[in-house]
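*Asks:* Here's a sequence, model it:
(2 chains)
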Amino acid sequence: MSTITTQQALALAPDTSSAQAGKKLAATKHWKNLGRAPTALWGECQGSALYQVRVDLTGMAVKCSCPSRKLPCKHGLGLIILSINEPGALPGAEPPEWVASWLAKRSAPKEAAPARENAKSPEKGATEAAKRAAKRQKLVEDGLDTLDLWLTDLVRNGIGALESQPASFWETQAARMTDAQAAGVAARLRRMAGIPGASDDWPMKLLGELGRLSLLIQAYRRLDALDDGLRDDVRQLIGWTLAQDELAARGEHVSDRWTVLGQWIENQDRGLEQRTWLLGERSGRLALVLQYSFANQPFPESFIPGSSFDAELHFFPSAYPLRARVAERSGEPVAAHERLPGSESVEAFLRARAEVISCQPWLDRLACVLRDVTPVCVSADSWWARDESGAGLPLEGSDHWRLLALSGGNPVDLIGEWDGETLLPLGMIAEGIYTPLWGVN
Amino acid sequence: MPKPDAITTAALIGTARGVGQTATGTSVDTLQLPGVSTERNLLLRAGALAVYRAAGHTPNAAPEAQTPAPEETKPECPPSVAALMESLLGARNGVLLAEALARFNQVGYRLPHLLLPMALTQAPSDCRPALALAVGERGRWLGQFNRHWGWVGETLADESDAVPPDAETIWEEGALGQRVEILSRLRKADPAQAREWVSAVWKREKVDARVAFLETFEVGLGAEDEELLDIALGDKTERVREVAARLLTSLQTSALAARMRARAEAMLTLKNGALDAKPPTAVDAEWERDGLTEKGAQGAGQRAFWMAQVLSRVPPSHWEAQFGMAPDKLIAATAGSKWRINFLESWNDAAGRFKEKAWAAPLWRLWLDLSPKELKQSHGDRSELCGIVAPMLALADLERFALEALADTKKYDDFSLYEILDMLPRPWSAPVADAWLSGARGFVTGITPQIKLAEPWDDTLNTAALALPETHFTRALEPFEVPESKHWQINNLRSQLEELQATISLRQRIAKELPL
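*Replies:* This next block holds a predicted model:
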């Protein structure tokens, strides 16, 4: 380590606050199990948790189990500075397993690279795919482990402080999950950013979401103990995708005339997500088709709300299959019926939703057709859909003037998406005519 | 913040400070989680509780529903008309929208319910009374829910002059707009009754209401109104006093009008057929009370200003009677006075204010013939001064003038061609429309890059787009042959002509979809 100075080590810091923090951590009292080998340094640093820190001296690469996304993190910097300032604090030793395996992994890709050139044969391809899957599996597991620590930290320190955290607090963690190829978890974290401070009961909502996320991690670790359908749910919720051929082979195929109940487009991350809800005329099955658009590209499949089309849908394997892909359409879309089957009361819909939750506890949104509900405008910011019994669901957002204008204060059939708190109106049928009520959120 | 439950409280504080009671009182409490940390235990149980609650969500009681909208009384307009109205509302073109709405209401249609939020939001303010009819029962019902749409309830539901049977109820309980509307209608039918209504509430009404009520007295103004107007003239708010002074000025039997005449008479002298003036050198407090509140220039201009203020508030016909002379003789009699231009400008203003037709032609001729040197002493230019009396001029005279200007655009070079055309009532008569079309076409065809300016025709395009009569739409839509050129001014003219034709097309669509 005599080759670099403290200042050079500090130059590795991504910003001045990391440099400052790194200097503070360069004291033996923060460290346990310190050691060094000719090409590596390691030690365990006591932060919110005990973090395992390792440094590959050949490229000054740092790996730490802390949740920080900064590279190198303050623990890594602290270890390097400590090794310069107090060389005697790091005794020479054989690297422990958690250091050795990382060092081996770091040198591995260089050896594996030539193998790609003749990766054409199916056996080798399958081996490669399995290798990639295993690699990803490891990435996801490691990611979830650090997330687990982060969640534990939150609860240990108290979630009350989260109200004053900037959006970047959540974004940082979400980005880590994206890097760990757990996109589903990343999306959940991004959604949580909007909860603190947004309502009076935000602590309860946030704790519920954090808890559901913990349940998901727990379930993922015990995948083998789950039923087939729920196992697929958990994998998809984490972020594992299903290739089209795999979906065709494993998913349920349902041919029916599908009515486009409604759709919603939402800004997401770097593009747009479109959710389209379909209802099977003969099967009575509800289906959700997700499409994504980046850089203003059109969505691949187009759906006309209020129309029906004949098609075969492939449902993603699930304990309660909802998400589907349109495999093959036949014929042109036709106008939907003047009335659609649906829930005769709010109570009936919530009961049906409880059934779905009992199969798939992470259900976020569910579409509904509420028959004969009256839109109620309490004020420009407070809207309800009220059924004939007087029960109701609050509506999301404030611009429901079209709904009110078309209803004239009379009962209509309302198509919406319920997220557990508010109903997002997607479409309505008044006097036998379907009118979409959608936009970009 | 509502009091959080035990498990949320524990998470809020943080387990680092110890874990208190976290029982949820649900079956979640029976979950066994051996070998997990305190934090994880809390998280997993909170997750289970969230799922438990989501599944057990029971519906809330919804707020009471509003009274449904009344049944519509008019038929919905056909889709092609709806599309036309939507594009007019979207373009926020107030003039064309007003033209279309007038026809729309005359046919007796109402807008489709789907268009109502847009119509209520986009409504330009001068189209609101007509739109309040077009939106039908549903639109007026909808207005109560959005504070930006309140105007729709401020109007009466018909566009006639009829005083409805429930007029008194509307007067007593209605919104200000409705009360003003009902009062205006009553003023036409029974001015005395309207005056009694206003007198009865005068003291307790707010300033806006007092001003608006007083404005309605313009119609059916009579000697009986003077008592109330005199009270208003002493109002503590200047806006109210201004309206009262204006009305009393035009009411020739009023004491104020008499005072004004006395002031004016004191200034004028007629000696040997020559008019002259002795403007005041000082004014008293009563001037201000009578509405002569404007402040003029200091010094020499001050006296002329005082004279102009008074003279412009006395009907010019008063001088015909006073001196036994016709308008043109009176104008001629000012020839030797050093106050001549002040006489003429004040009479011009007074002729406009009192709408005295007999004075329009003599004054018009005067302004056309006045030498540039004399004109320089006035406050306006030739076209402005003419513009004041133009509305009282016989249409034939005005048209003759416009046709001369269209035939030779250099003939009246103190006037812009568009100013002359703007004086004409719309739609134009066939001869004016013919002359404009052939003039404009001739100009466009003959244009070369050397003729850099498209004046004066380019400035008349907007006026023509709105003033050409239906009979000339087809001719106006024939292509204009603008010579090929890269010159920006010629290109500019080309796009202006396209705009003209787009407006004409819209008007043609309005005429076709909403025939009268």
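*Asks:* domains for chain A, by residue range?
*Replies:* Residue ranges of the domains in chain A are recorded as A:6-107, A:132-238, A:244-335, A:346-436, according to automatic domain parsing.
*Asks:* Could you pull up the residues touching the nearest residue to residue B:155 once chain neighbours are set aside?
*Replies:* Nearest residue to residue B:155, sequence neighbours excluded (CB to CB, 6 or more residues apart in numbering or on different chains): residue B:132, at 4.0 Å. The way it works is simple: take the backbone N, C-alpha and C, and place the C-beta from them, glycine included. Residue B:132 sits next to B:139-140, B:151-152, B:154-155, B:157 when contact means CB atoms under 8 Å, 6 or more residues apart in numbering or on different chains.
*Asks:* Show me just the buried residues among those.
*Replies:* Buried members of the contacts of residue B:132, counted by 16 or more other CB atoms under 10 Å in any protein chain shown: B:139-140, B:151-152, B:154-155.
*Asks:* For the helix ranked longest in chain B, which residues meet the burial criterion?
*Replies:* Longest helix in chain B, counting residues (DSSP state H): helix B:488-513. By 16+ other CB under 10 Å, the buried positions in helix B:488-513 come out as B:490, B:493-494, B:496-497, B:500-501, B:503-504, B:506-510, B:513.
*Asks:* Out of these, which comes closest to chain A?
*Replies:* Chain A lies nearest to residue B:513 out of the buried residues of helix B:488-513, by CB to the nearest CB, at 22.5 Å.
*Asks:* And the pLDDT at that closest one?
*Replies:* Model confidence at residue B:513, given as pLDDT, is 92.
*Asks:* wait, doesn't it sit right on residue B:81?
*Replies:* Yes. Taking contacts as CB atoms under 8 Å, residue B:513 lies within contact range of residue B:81: 4.9 Å.
*Asks:* and residue A:124, how many neighbours?
*Replies:* Neighbours of residue A:124 under the rule other CB atoms under 10 Å in any protein chain shown: 13.
*Asks:* For it, what are phi and psi?
*Replies:* Note on residue A:124: its backbone torsions stand at phi -60, psi -40 [degrees, to the nearest 10].
*Asks:* pLDDT at it, what is it?
*Replies:* Looking at residue A:124, the pLDDT reads 73.
*Asks:* and the domains of chain A as JSON lines, adding distance to residue B:247?
*Replies:* Converted to JSON lines, the domains of chain A look like this (distance: least, CB to CB, whole Å):
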{"stretch": "domain A:6-107", "distance to residue B:247": "75"}
{"stretch": "domain A:132-238", "distance to residue B:247": "58"}
{"stretch": "domain A:244-335", "distance to residue B:247": "59"}
{"stretch": "domain A:346-436", "distance to residue B:247": "41"}
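*Asks:* Redo those domains as a markdown table? Include mean neighbour count and mean pLDDT.
*Replies:* Shown next, in a markdown table, are the domains of chain A (neighbours: other CB atoms under 10 Å in any protein chain shown; pLDDT from 0 to 100):
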| stretch | mean neighbour count | mean pLDDT |
| --- | --- | --- |
| domain A:6-107 | 18 | 82 |
| domain A:132-238 | 18 | 93 |
| domain A:244-335 | 17 | 91 |
| domain A:346-436 | 20 | 95 |
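*Asks:* picking that back up, so which of the buried ones among the contacts of residue B:132 are in helices?
*Replies:* B:139-140.
*Asks:* hmm, which two among the buried ones among the contacts of residue B:132 are most spread apart?
*Replies:* B:139 and B:154 (13.0 Å; CB to CB).
*Asks:* thinking again about what came up before, reformat the domains of chain A as CSV; add distance to chain B.
*Replies:* As requested, those are arranged in CSV below (distance: least, CB to the nearest CB, whole Å):
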stretch, distance to chain B
domain A:6-107, 10
domain A:132-238, 3
domain A:244-335, 13
domain A:346-436, 2
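*Asks:* Run the chain-centre distance for the longest helix of chain B.
*Replies:* 25 Å (CA atoms, centre = their mean, to the nearest Å).
*Asks:* and that helix, what does it pack onto?
*Replies:* With contacts defined as 3 or more CB pairs under 8 Å, 6 or more residues apart in numbering or on different chains; DSSP states H and E, helix B:488-513 has these neighbours: helix B:79-91, helix B:94-107, helix B:461-467, helix B:473-477.
*Asks:* The closest residue to residue B:205 other than its chain neighbours: neighbour count?
*Replies:* In space, and not counting its chain neighbours, residue B:205 is closest to residue B:213: 7.0 Å by CB to CB, 6+ apart. By other CB under 10 Å, the residues close to residue B:213 number 26.
*Asks:* What helix or strand is residue B:213 located in?
*Replies:* helix B:207-215 (DSSP states H and E).
*Asks:* Next: residue B:239.
*Replies:* Here residue B:239 is assigned to helix B:238-250, by DSSP H and E.
*Asks:* Can you spell out which helices and strands pack onto the following helix or strand past that helix?
*Replies:* Sequence-wise, the next helix or strand downstream of helix B:238-250 (DSSP H and E) is helix B:255-267. Contact partners of helix B:255-267 among helices and strands, from 3+ CB pairs under 8 Å, 6+ apart: helix B:226-233, helix B:238-250, helix B:300-311, helix B:317-323.
*Asks:* who's in contact with helix B:255-267?
*Replies:* By CB under 8 Å, 6+ apart, helix B:255-267 touches B:226, B:230, B:233, B:245, B:248-251, B:277-280, B:286-287, B:290-291, B:307, B:310-311, B:313-314, B:318, B:322.
*Asks:* Show me how to select, in ChimeraX, the buried members of the residues you listed.
*Replies:* For the buried members of the contacts of helix B:255-267, the matching ChimeraX selection, counting by 16+ other CB under 10 Å, is:
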select /B:226,233,245,248,249,250,251,277,279,287,290,291,307,310,311,313,314,318
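*Asks:* Based on its surroundings, how many neighbours for whatever residue of the stretch 51-200 of chain B ends up closest to chain A?
*Replies:* The stretch 51-200 of chain B approaches chain A most closely through residue B:62 (2.4 Å), counting by CB to the nearest CB. Other residues within reach of residue B:62, judged by other CB under 10 Å, total 21.
*Asks:* excluding its backbone neighbours, what's nearest it?
*Replies:* The shortest distance from residue B:62 to any non-neighbouring residue, by CB to CB, 6+ apart, is to residue A:392 (2.4 Å).
*Asks:* quick one on the thing from earlier: in the buried residues of helix B:488-513, find the pair that's most separated.
*Replies:* B:490 and B:513, at 34.8 Å, using CB to CB across the buried residues of helix B:488-513.
*Asks:* Please list all residues in contact with the residue nearest to residue B:205.
*Replies:* Neighbouring residues of residue B:213 by CB under 8 Å, 6+ apart: B:179-180, B:183, B:198, B:205.
*Asks:* average pLDDT across stretch B:5-13?
*Replies:* The pLDDT scores in stretch B:5-13 average 90.
*Asks:* Can I get it in PDB, CA atoms only?
*Replies:* The C-alpha trace of stretch B:5-13 is given here as PDB (Å, rounded to 0.1, in the frame of the first residue of the first chain):
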ATOM      1  CA  ASP B   5     -52.200   1.700  15.900                       C
ATOM      2  CA  ALA B   6     -49.600   0.000  18.200                       C
ATOM      3  CA  ILE B   7     -47.500  -1.700  15.500                       C
ATOM      4  CA  THR B   8     -47.300   1.600  13.500                       C
ATOM      5  CA  THR B   9     -46.300   3.500  16.600                       C
ATOM      6  CA  ALA B  10     -43.500   1.000  17.300                       C
ATOM      7  CA  ALA B  11     -42.200   1.400  13.700                       C
ATOM      8  CA  LEU B  12     -42.500   5.200  13.800                       C
ATOM      9  CA  ILE B  13     -40.300   5.300  17.000                       C
END
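*Asks:* Check which residues of that stretch are buried.
*Replies:* Using 16+ other CB under 10 Å as the test for burial, stretch B:5-13 gives B:5, B:7-13.
*Asks:* Also stretch B:65-83?
*Replies:* Result for stretch B:65-83 [16+ other CB under 10 Å]: buried residues B:65-66, B:69, B:76-77, B:81-82.
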